[in-house]
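[1] starting from these lines, generate the structure:
(one chain, ligands or ions: 2)
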Amino acid sequence: MTRVVVALGGNALGNNLKEQMIAVKTTAKSIADMIEAGYEVILTHGNGPQSGMIQLAMGELTAKDPETYPHVPLSVCVAMSQTYIGYDLQNALREELLDRGITKPVSTIATQVVVDKEDPAFLTPTKPIGRFMEKDEAELFAKEKGVQIMEDAGRGYRQVVASPKPIEIVEMETIKTLVADGQSVIACGGGGIPVTKEEGNHLKGAAAVIDKDYCSALLADLVDADMLVVLTAVEKVAINYGKPDQKDLGDVTVEEMRQYAKEGHFAPGSMLPKVEAGLQFASSKPGRKTLITLLEKAKDGIAGETGTVIHFE
Ligand SMILES: Nc1ncnc2c1ncn2[C@@H]1O[C@H](COP(=O)(O)OP(=O)(O)O)[C@@H](O)[C@H]1O
Ligand SMILES: NC(=O)OP(=O)(O)O
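    Numbers count the residues shown, from 1 in each chain. Ligands and ions are numbered 1, 2, ... in the order given. Model prediction:
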């Protein structure tokens, strides 16, 4: 059976609670299609808009009444986002599968991911979270909240936070056990709750948001997946993106994709992490592939009919 790790992007979830309730229904249909077609699916997802929203809401409470509502660390905001997205996703998928007569347990694993406390990413925030803003509004937001902002791939300005590389998935044995049992698992949501290893057996939450695409590549490696499927808002990755000579990519080798990345075709903070994560997975073992495509094209993409596929060679 083909084992796939599916990383869901922003359009699979929407930007707020209301949008998410609607989006997860469509998402669940696409995932159920894959399961029905016989693929073994392990799900993961982003949390950029959601983690920013939660951090903002929590910060407002603290600003009003710090005694009653002490500061909520970013790692806890990530944990909240992971669980509430997982809750909606697992319910939507459970219902969709049951409606199709498939009785498969679906669960979300609160997943912690170890990062290096010396990771230089802690000194330079690059991960966009929260909503998009106009430049003026973003500058005011940064001043008021004491946060950093950055332009996000031509789509507006957003807050940015540290995004260290994922090293180890703490709940890996649980994930493997459930997958081996044929259950549907949602894990490493939002790139995982970032933690650092401290003295003894202590894990400490880190002020960061891990990139879900890098974490998905790690997860796909550790569950020994055949394919990493990165679902996003474009059917294919392009070179010369947004220019008159834009060219969509179909099947590419690791070597070709590395060259395109080196030439600067992929925007940092949006397509570049997907391509880098895709390269990491596809280059790790012969036979492994990464597919980048639209949610609604996922099944066709896995079948080799569309999307951008990065091959080992
Ligand atoms: N070379 C490229 N080819 C295709 N899309 C690109 C490219 N460079 C940047 N993008 C942008 O990257 C977006 C996907 O990144 P993003 O929205 O951050 O991901 P996610 O789906 O994980 O939320 C696409 O919708 C597109 O606007
Ligand atoms: N954690 C993360 O990478 O989230 P997004 O995919 O929403 O940016």
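[2] isn't Q159 up against V147?
    Yes: shown here, Q159 and V147 form a contact pair, counting by CB atoms under 8 Å, at 4.9 Å. The way it works is simple: take the backbone N, C-alpha and C, and place the C-beta from them, glycine included.
[3] more neighbours, those two?
    Q159 (25 against 19; other CB atoms under 10 Å).
[4] joint contacts of Q159 and V147?
    The contact sets of Q159 and V147 overlap at F141 (CB atoms under 8 Å, 6 or more residues apart in numbering).
[5] this structure: helices as residue ranges?
    Using DSSP state H, the helices of the chain run over residues 17-36, 48-64, 74-99, 135-145, 172-180, 212-222, 254-262, 271-282, 298-302.
[6] so what's R158 closest to, chain neighbours aside?
    P128 (4.0 Å; CB to CB, 6 or more residues apart in numbering).
[7] list the contacts of whatever residue of the chain ends up closest to ligand 2.
    Among the residues of the chain, G46 lies nearest to ligand 2; the distance is 2.4 Å by CB to the nearest ligand atom. Contacts for G46 (CB under 8 Å, 6+ apart) come out as 7-10, 13, 190-191, 212.
[8] now swap in L61 and tell me
    Listed by CB under 8 Å, 6+ apart, the contact set of L61 reads Y69.
[9] one step back: winner for burial among the helices of the chain?
    Among the helices of the chain, ranked by average contacts under mean count of other CB atoms under 10 Å, first place goes to helix 212-222 (a mean of 25).
[10] do that one and ligand 2 come into contact?
    Yes: with CB under 6 Å from any ligand atom as the measure, helix 212-222 is seen reaching ligand 2 through K212.
[11] ok, residues contacting that helix?
    Here helix 212-222 makes contact (CB under 8 Å, 6+ apart) with 5, 7, 42, 44-47, 113, 165-166, 169, 172, 175-176, 187-192, 225, 227-228, 230, 273-274, 276-278, 280-281, 284.
[12] give me the number of residues near the residue of the stretch 51-200 of the chain found nearest ligand 1?
    Distances between the stretch 51-200 of the chain and ligand 1 by CB to the nearest ligand atom are smallest at A153, namely 5.3 Å. Using other CB under 10 Å, A153 is surrounded by 17 other residues.
[13] which residues touch it?
    267-271.
[14] okay, G154 and A267: tell me how far apart.
    For G154, the distance to A267 (CB to CB, to the nearest Å) stands at 7 Å.
[15] more crowded one of those two?
    Each of G154 and A267 has its neighbours counted (other CB under 10 Å); A267 has more, 16 against 9.
[16] my guess is the more buried one contacts Y241. True?
    Yes: contact criterion CB under 8 Å: A267 and Y241 qualify, at 7.4 Å.
[17] which residues touch V179?
    V179 makes contact with 3, 40, 42, 185, 223 under the criterion CB under 8 Å, 6+ apart.
[18] just give me the neighbour total for the first one.
    Read it as R3. Neighbours around R3, by other CB under 10 Å: 15.
[19] in the sheet, who's paired with it?
    Here R3 sits in beta bridges with E40, going by DSSP bridges.
[20] my read: it touches E40, true?
    Yes: counting by CB under 8 Å, E40 is a contact partner of R3 at 4.4 Å.
[21] what residues does the stretch 51-200 of the chain put near ligand 1?
    By the rule CB under 6 Å from any ligand atom, the part of the stretch 51-200 of the chain lying against ligand 1 is A153.
[22] tell me the residues of the stretch 51-200 of the chain that contact ligand 2?
    Counting by CB under 6 Å from any ligand atom, the stretch 51-200 of the chain sits next to ligand 2 at 190-191.
[23] which non-adjacent residue is nearest the residue in the stretch 1-150 of the chain positioned nearest to ligand 1?
    Residue nearest to ligand 1 within the stretch 1-150 of the chain (CB to the nearest ligand atom): G9, separated by 2.1 Å. Setting aside the residues directly before and after it, G9 is nearest to T232 in space (CB to CB, 6+ apart), at 4.0 Å.
[24] which residues does that neighbour contact?
    For T232, the contacting residues are 9-11, 274, 292-294, by CB under 8 Å, 6+ apart.
[25] same thing with R258?
    Shown in contact with R258 (CB under 8 Å, 6+ apart): L279.
[26] identify the bridge partners of the closest residue to V252 other than its chain neighbours.
    Ranked by CB to CB, 6+ apart and with sequence neighbours excluded, the top spatial neighbour of V252 is I310, at 5.7 Å. In this entry, I310 is beta-bridged to V252, T290, by DSSP bridges.
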